[in-house]
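Asks: What follows is a predicted protein model with its sequence.
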Amino acid sequence: MTTVSPQSPQSPQSPASAPGRPSQSVPPSTSGGSGSLGGSHPFGALREQLRDAAATFAGGAGAVPGILSGMVDDVDRALREELEIFPVCHHSPASALAMVRRLREKQPKVIYLELCEDLRPLLDELRNCRLPVALQAFATDIDGFPPDWAPLSVVAPITEASAEYQAIAYALDSPDVELILVDRSTDHVFQWTPREPAEPAEAPAAAGDSADGAENDTARHDEAALHGDAVGIEIGDLRPRFAELEAHLLHHGKVRHWSEWWDQYVEQPLVGADYDTYRQVMVMIGSLFRRLRPDRHARNAQDEDRERYMWTRIREHLAASGADPAGCLYVCGAFHAASPVEQFGLPAEGEPYEISPRTETRWMYGLIPSSHSAIEAQFGLAPGAVSIASATWTKALKRSGVTPFRPAGEKGRKKRAVRGRARPASAQASAPGSPEGVADRLSGFLATPPVLDDLDEAELLGWCVDIVGLARRNGYLASTADAIAVFETSILLAGMRGRGRPTPYDFEDAAVTCIEKDTVPGRRDVRRLCEILLGGDRIGAVGYDALPPLARDVLDRLEPLGLNLQARTNQRALLDLQADPELKPCSDLLWILRRLLGDTARPIMGARRLGERSIQESWDLAIGRNQRSLVELGYEGVTIEQVLEQRLRRDAWAPEATAATALEAVEEAIVYLGYPGSRRLADELGARAVELLTAERTVDGAPRVLRQIRRLLAHYRAAEPELPRWCERFVTAGYAHYCTLLPTAFGDEATGLRQVAAMLGFLFEMESFALSLGCDHTQLELAVRQSHPEAPDKVALVWAARSRLGLMSSAELRSRCAELLANPLVVPAFPRYMSGFVQALEPVPTLTPFVVEQLSKAFARLPDSVLLPWLPKLITTLRDGARELVPVLVREAGRTFPAALSAVDAWVPPWSARPTASKAAPGPQAAQGGVVARLLAAHPATCEAVAGSLGYDAEWQDTALPDGGAERREGGELLTRYPQTADAVARLLDLRPVG
């Protein structure tokens, strides 16, 4: 392993005074600490060598001597601790291999593990899972935290190639072994989180990380999101928190990112090292990274509090159980093994650390699937780093012959790997706690140059041939020449980087250089293909027995479909509900899953609405791929219906809930829960909608309210013998509420035209129902009379409302529009009047012919300077604000305008006035001389029936019928002017058309 000088001696500023410089605090020494390290001490010679090196390269001044000697003190302190400390790095094959060897040799009775203490019950379920998986703590009902933090989620991913999993597997299969989690609880994780956003960490991700992440395909992005936005908890976070140090290591190590540096300079040398060497090197690295970090780093206080917490829990357990520390093992990150806190160690003399109580937040726990890419994204590792670590772990097991620990019955294993007995180690590990048992292995490790592995041509050739074949299957024009080029380039890159054997990172860079062209022909680029070749993105799964009750209930109820719902591929389900009615419960469940989990259950054919059920359905199910969402759903209830009911209630009683929200919840309760289960819930949500409507002071949700209540009333009238009481209360309350707000809404510029039109639509459409329930029509009439808007579109809306109430005749409405078109000052604003009339079609649908008439006049009479800018606005208005009204206008226009193009020139608009002989109102004599009067006189029964229904007595005047001359003249003129009707009748009767 190479050593790196931490700081240049030419720094003009004292490190202790410079802000953001590495911390210079030295951990307090125990017996035999820094003050007693002499030449006879095991680490005395190393300490003197480091002091001499500091004097030579740094002039003996500054912080370098203290940092180097302090690292030796930290190693000595950790190894002298009575309780054996096992330092680890997260997802490290070297740590996992050393753990297996140490467990088989020592066989401890108690294992203290750096993991959230409240996650302990989940560890027993790991035997029912296929790794990698993540332990999760989840909370939706929070107490003591900011409301905008909800929901709270913490995940701790577990992989097989990790020391913590080997310790867990060993404890699960050993009944006499006690596994104690000693880290802070998940509640304390958020208690210690700053309320204000902290400054970003000093150590950023390597430059190559972001570029690699941008090249990942869609599938990899989906797998990287398996953890969602949960807070990640890792055991053994070992990465420099001093940006200059990490940049220095990457530059001189000739690597692109931190994961590659760690694999080359730490993982590979330590895979075959003995236990003492492993411990000393890991503690030294943890001490180095700890001392070379900014004084004001955001995580300093949290790390030290965690260490106090863990040592306090360890001492409490030892005192309560009476366990012998010699038979215990403390597994923690190497960073925490070099802790400077006064509570470090069993004989610590510092003040007892007081652990704060947990909040009243209700936490729920479970296992969720994880993946290599999700772990990499969670903790900022390079893409493919965990997959490469897994491949290194597999090769190390074959090379060393060590049998890893696996819990009995672990999912995905053909048979149980038998845990062997303790075997004598080649180099017996030193006993902790005594100076005589500590041997200096650190000096030899640092003084020995790294061993360069010989080139494994067979392995590299296999990689080159396989990557070319994989590239060809993914659309690349690769050939044998490319395989040769990748082989030679891998060796060249390894030689340039000081390696005798190309690493997977060298091979990946060579493949990208030789095969990648200007464009990516498929979904995967060459870097992603290399990751697949070297192990791929392994994805875990939670077994059936480890799922929460809700998830198991869902799988059981969907079993009649005959599909493998735990597979990660999409499953196609075909349901013929008419031929197989037993599948109806499955259909109901799938629609609820669609409502709660989105595309986890995606309908291809079929729909579910109020009063509408499909007889055949087709579904794409991705329950196995979205297992995490199903597990988190299980935290909220025991059955899927209970969760839906809770969410509907939560939406209706949320602080930002509106009447439209509550009505939507009523509809969803009826659609998804059905009868009679939804009756009580629907009535409760409907009552809530009445409360919200009366409390609203704005009308922003009026369009949604109108649509929802219209659908609900139509459904209840068709499906129920009578309307629920809450519907009657809602209509009466809404009638009074909107009548009260109508004048204000017309005059308020902030209230949109669509909202006001929806209010009028509610009032006019529900008027008859409201009047039958005791409301007063005068209230609506007064509200319209008191409305005096200034905006042209709202003025048109008021005119339409007055015409609907009979306060304005159609002739007066036409005359006002004609005056607008005749006034040059108002013509530019006429399109806005038309927008108001278009919106008025919903509350006053009888105005449809009038709107078509006015639109025709506008197109005919408006100048191009006004008409052309208005056309785009008219189209957007119809599309966005009145989409459902466009078919009404089109149908009316179809009835009004001629159907044939040839008839357009001769077509006369029906609203065009024709000259008549006399414009005076017809008197009795004129009425008597008309065709209508003669018809009524000849058949009086119709008029008498109408008069009787209206409560009048039918009284006829005794008048003589006219001689019919006038009628014949009028009829002749009518037939002469419009001969088409007579011709059609003649053709129908097979007669000769009249001339």
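Replies: That came in fine, so what should we check first? Residues are numbered from 1 along each chain as shown.
Asks: what helix or strand is L712 on?
Replies: helix 702-719 (DSSP states H and E).
Asks: One more: M310?
Replies: In this structure, M310 is located in helix 300-321 according to DSSP H and E.
Asks: after that helix comes which helix or strand?
Replies: strand 328-333.
Asks: following that following strand, which helix or strand comes up?
Replies: helix 334-337.
Asks: Which neighbouring elements make contact with that following helix?
Replies: Identification of packing neighbours for helix 334-337 by 3 or more Cβ pairs under 8 Å, 6 or more residues apart in numbering; DSSP states H and E yields strand 84-88, helix 275-291, helix 300-321. Where C-beta positions appear, they are placed from N, C-alpha and C, glycine not excepted.
Asks: Looking at the ones you listed, which one is packed in the most?
Replies: strand 84-88 (a mean of 26; mean count of other Cβ atoms under 10 Å).
Asks: what about dumping the CA coordinates of that strand to CSV?
Replies: The C-alpha coordinates for strand 84-88 follow below in CSV (Å, rounded to 0.1, in the frame of the first residue of the first chain):
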residue,chain,number,x,y,z
GLU,A,84,-12.5,-6.7,20.7
ILE,A,85,-13.2,-4.1,18.0
PHE,A,86,-13.7,-5.4,14.5
PRO,A,87,-13.4,-2.4,12.1
VAL,A,88,-15.3,-2.7,8.8
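Asks: what sits up against that strand?
Replies: 78-79, 95, 98-99, 102, 106, 108, 162-164, 235-236, 279, 282-283, 286, 328-334, 337, 432 (Cβ atoms under 8 Å, 6 or more residues apart in numbering).
Asks: so what does the helix holding L712 touch, helix or strand wise?
Replies: Using 3+ Cβ pairs under 8 Å, 6+ apart as the contact test, the elements touching helix 702-719 are helix 659-668, helix 725-747, helix 753-765.
Asks: Need those in JSON lines (columns: mean neighbour count).
Replies: What follows is the helices and strands packed on helix 702-719, written out as JSON lines (neighbours: other Cβ atoms under 10 Å):
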{"stretch": "helix 659-668", "mean neighbour count": "24"}
{"stretch": "helix 725-747", "mean neighbour count": "20"}
{"stretch": "helix 753-765", "mean neighbour count": "23"}
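Asks: picking that back up, now the helix holding L712 against helix 753-765, angle please.
Replies: Computed by axes from the mean of the first three to the mean of the last three Cα atoms, to 10 degrees, the angle separating helix 702-719 from helix 753-765 equals 30 degrees.
Asks: Sticking with L113, tell me its helix or strand.
Replies: With DSSP H and E as the test, L113 turns up in strand 110-116.
Asks: ok, now how distant is E781 from Y635?
Replies: Plainly put, E781 is 55 Å away from Y635 if you go by Cβ to Cβ, to the nearest Å.
Asks: More neighbours: which of those two?
Replies: Per other Cβ atoms under 10 Å, whichever of E781 and Y635 has more neighbours is Y635, with 21 against 16.
Asks: mind listing what the spatially closest residue to the more buried one that is not a sequence neighbour touches?
Replies: With sequence-adjacent residues excluded and distances taken as Cβ to Cβ, 6 or more residues apart in numbering, Y635 is closest to M364, at 3.9 Å. M364 makes contact with 137-139, 635, according to Cβ under 8 Å, 6+ apart.
Asks: could you dump the residues you listed to a markdown table with distance to L589, secondary structure and pLDDT?
Replies: Converted to a markdown table, those look like this (distance: Cβ to Cβ, whole Å; DSSP: H, G, I helix; E, B strand; the rest coil; pLDDT from 0 to 100):
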| residue | distance to L589 | secondary structure | pLDDT |
| --- | --- | --- | --- |
| A137 | 28 | strand | 89 |
| F138 | 23 | strand | 87 |
| A139 | 26 | strand | 86 |
| Y635 | 19 | coil | 86 |
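Asks: any idea which of those has the most stuff around it?
Replies: A137 (27 neighbours).
Asks: That one touches W363, doesn't it?
Replies: Yes. In this structure A137 lies within contact range of W363 using Cβ atoms under 8 Å: 5.2 Å.
Asks: what's the overlap in contacts for those two?
Replies: Counting by Cβ under 8 Å, 6+ apart, the contacts common to A137 and W363 are 118, 186.
Asks: picking that back up, let me have the helices and strands packed on helix 702-719 in a markdown table, extended by distance to D905 and mean pLDDT.
Replies: Formatted as a markdown table, the helices and strands packed on helix 702-719 follow (distance: least, Cβ to Cβ, whole Å; pLDDT from 0 to 100):
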| stretch | distance to D905 | mean pLDDT |
| --- | --- | --- |
| helix 659-668 | 50 | 94 |
| helix 725-747 | 43 | 93 |
| helix 753-765 | 37 | 92 |
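Asks: Compile those helices into JSON lines and extend it with columns for distance to M496.
Replies: Below are those laid out as JSON lines (distance: least, Cβ to Cβ, whole Å):
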{"stretch": "helix 659-668", "distance to M496": "63"}
{"stretch": "helix 725-747", "distance to M496": "75"}
{"stretch": "helix 753-765", "distance to M496": "68"}
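Asks: hang on, the earlier thing: the helix holding L712 to helix 659-668, inter-axis angle?
Replies: Using the same axes, to 10 degrees: helix 702-719 against helix 659-668 is 30 degrees.
Asks: List the buried residues of helix 702-719.
Replies: Buried residues in helix 702-719, counted by 16 or more other Cβ atoms under 10 Å: 702-709, 711-713, 715-716.
Asks: where in the stretch 551-700 of the chain is pLDDT low?
Replies: Counting by pLDDT under 70, the stretch 551-700 of the chain has low-confidence residues at 675-677.
Asks: quick one: the strands in it?
Replies: 571-576, 601-605, 608-609, 612-613, 616-621 (DSSP state E, counting those that start in this stretch).
Asks: Could you say which of those strands is packed most deeply?
Replies: Mean neighbour count, computed with mean count of other Cβ under 10 Å, is highest for strand 616-621 among these, reaching a mean of 18.
Asks: just the angle between that strand and strand 601-605, please?
Replies: Using the same axes, to 10 degrees: strand 616-621 against strand 601-605 is 140 degrees.
Asks: strand partners of strand 616-621, parallel vs antiparallel please.
Replies: According to DSSP bridges, strand 616-621 forms sheet pairs with strand 571-576 (antiparallel), strand 601-605 (antiparallel).
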